[in-house]
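Peer 1: Next come a sequence and a model predicted from it.
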Amino acid sequence: MHEFETEIATDDGIMDAFVCHPEEGGPFPAIILYMDAPGIREELRDMARRIGTVGYFVILPNLYYRTGREGHYGFDLERIRSDPEQLENMFKIMNETTNERVVADTAPLLKFIESEPEAAPGQVGCVGYCMSGRIVVSVAASYPQNFAAIASYYGVGIMTDEDNSPHLAAKNITGEVYLAFAQTDVYVPEPLLEAIPAAFDQAGVNYRMEIYPGTDHGFAFPQRPAYNKAAGERHWERMFALFARNLKG
């Protein structure tokens, strides 16, 4: 596996990112891995590496770059579980990382991918967890010509009462979407699980939605108390099949 850190200029500053891809056999279809609320950490880099090992050029951008170096290192999982002040700070920065900001950040990410010889030309894929569920829907709707495969796991904020709710723009998505949710999730309660399919049906999106039985929010992350090994492996299976259908055909 070849991996490196890079910096990408945006309208708001310099966004750092982790990049990885296989050593041989390129160029590879590109995947943008949008981070969850705790931010960049080795757990996420390992997940990027796992995607890379099956034949992809993966970029993991630091969406908290506007906050300085704290954003680069993310939030310690143990501290946010035990320290209310740290948890409050994480939610503050997460809420400041709006869909609109990340949509703007995605334009230079796509340009960076185009400039990399190990990234194959053509459409790309993306995957998001938790807070970045809303983000992947937003970027796929904003750049429909670029995103062919979109995966969200226990995505938060995909459907809200706000005028700029991501689901309202879903009609613009032309790629295939996979939405996976936990059976029990305080951030995505049952009424939302019932409403999201109707909204995506009405929007005419090519999508599949699954609720993973016996799971809680965070089931795909190995370092979370909610980690569920069977569900975590299913999440990889579904993701890799989605990307292969749309990016390797």
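Peer 2: Received, thanks.
Peer 1: Reduced to three states, what does the most centrally placed residue in the chain come out as?
Peer 2: Centroid check for the chain by C-alpha atoms, centre = their mean gives Gly128 as the closest residue, at 1.7 Å. Taken by DSSP: H, G, I helix; E, B strand; the rest coil, the conformation at Gly128 corresponds to strand.
Peer 1: Tell me who's in contact with it.
Peer 2: Leu33, Tyr34, Asp36, Arg134, Ile135, Val136, Ala151, Ser152, Tyr153, Gly155 (C-beta atoms under 8 Å, 6 or more residues apart in numbering). All C-beta spots, glycine's among them, are computed from the backbone N, C-alpha and C.
Peer 1: Rebuild these as TSV, extending it with secondary structure, pLDDT and neighbour count.
Peer 2: Converted to TSV, the contacts of Gly128 look like this (DSSP: H, G, I helix; E, B strand; the rest coil; pLDDT from 0 to 100; neighbours: other C-beta atoms under 10 Å):
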residue	secondary structure	pLDDT	neighbour count
Leu33	strand	98	27
Tyr34	strand	97	27
Asp36	coil	90	27
Arg134	helix	95	24
Ile135	helix	96	31
Val136	helix	98	31
Ala151	strand	98	25
Ser152	strand	98	28
Tyr153	strand	98	29
Gly155	coil	96	27
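Peer 1: What is the nearest of these to Glu23?
Peer 2: Leu33 (19.3 Å; C-beta to C-beta).
Peer 1: Which strand residues bridge the residue lying closest to that closest one once chain neighbours are set aside?
Peer 2: Closest residue to Leu33 apart from its sequence neighbours, by C-beta to C-beta, 6 or more residues apart in numbering: Leu60 at 4.6 Å. Beta-bridge pairing of Leu60 under DSSP bridges involves Phe18.
Peer 1: where are the low-confidence patches of the protein?
Peer 2: Along the chain, the parts satisfying pLDDT under 70 run over 68-88, 90-91, 94.
Peer 1: Strands along the chain, start to end?
Peer 2: Using DSSP state E, the strands found in the chain span residues 2-10, 13-21, 30-34, 57-61, 124-129, 147-153, 176-184, 207-216.
Peer 1: The third one packs against which elements?
Peer 2: What that stands for is strand 30-34. Applying 3 or more C-beta pairs under 8 Å, 6 or more residues apart in numbering; DSSP states H and E, one finds that strand 30-34 contacts helix 42-53, strand 57-61, helix 99-115, strand 124-129, helix 132-142.
Peer 1: Which of the ones you listed sits closest to Met239?
Peer 2: Among those, if distance is taken as C-beta to C-beta, the winner is strand 124-129, at 6.2 Å.
Peer 1: Please identify the buried residues of the closest one?
Peer 2: Buried residues in strand 124-129, defined by neighbour count with 16 or more other C-beta atoms under 10 Å: Val124, Gly125, Cys126, Val127, Gly128, Tyr129.
Peer 1: swap in stretch 240-249?
Peer 2: Buried, per 16+ other C-beta under 10 Å, within stretch 240-249: Phe240, Leu242, Phe243, Ala244, Asn246, Leu247.
Peer 1: Count residues in the vicinity of the nearest residue to the first one once chain neighbours are set aside, would you?
Peer 2: Distances taken as C-beta to C-beta, 6+ apart place Val54 nearest to Phe240, at 5.7 Å, with adjacent residues excluded. Per other C-beta atoms under 10 Å, the neighbour tally for Val54 reads 14.
Peer 1: Relative to Val177, how far out is Val54?
Peer 2: Taking C-beta to C-beta, to the nearest Å as the measure, Val54 falls 20 Å from Val177.
Peer 1: again with Glu7
Peer 2: Noted for Glu7: a distance of 30 Å to Val177, by C-beta to C-beta.
Peer 1: Looking only at neighbour counts, state which of these two leads.
Peer 2: Val177 (21 against 12).
Peer 1: Spit out the contact partners of the residue lying closest to the more buried one once chain neighbours are set aside.
Peer 2: Residue nearest to Val177 in three dimensions, not counting chain neighbours: Tyr207, with 3.9 Å by C-beta to C-beta, 6+ apart. Neighbouring residues of Tyr207 by C-beta under 8 Å, 6+ apart: Glu176, Val177, Tyr178, Leu179, Phe200.
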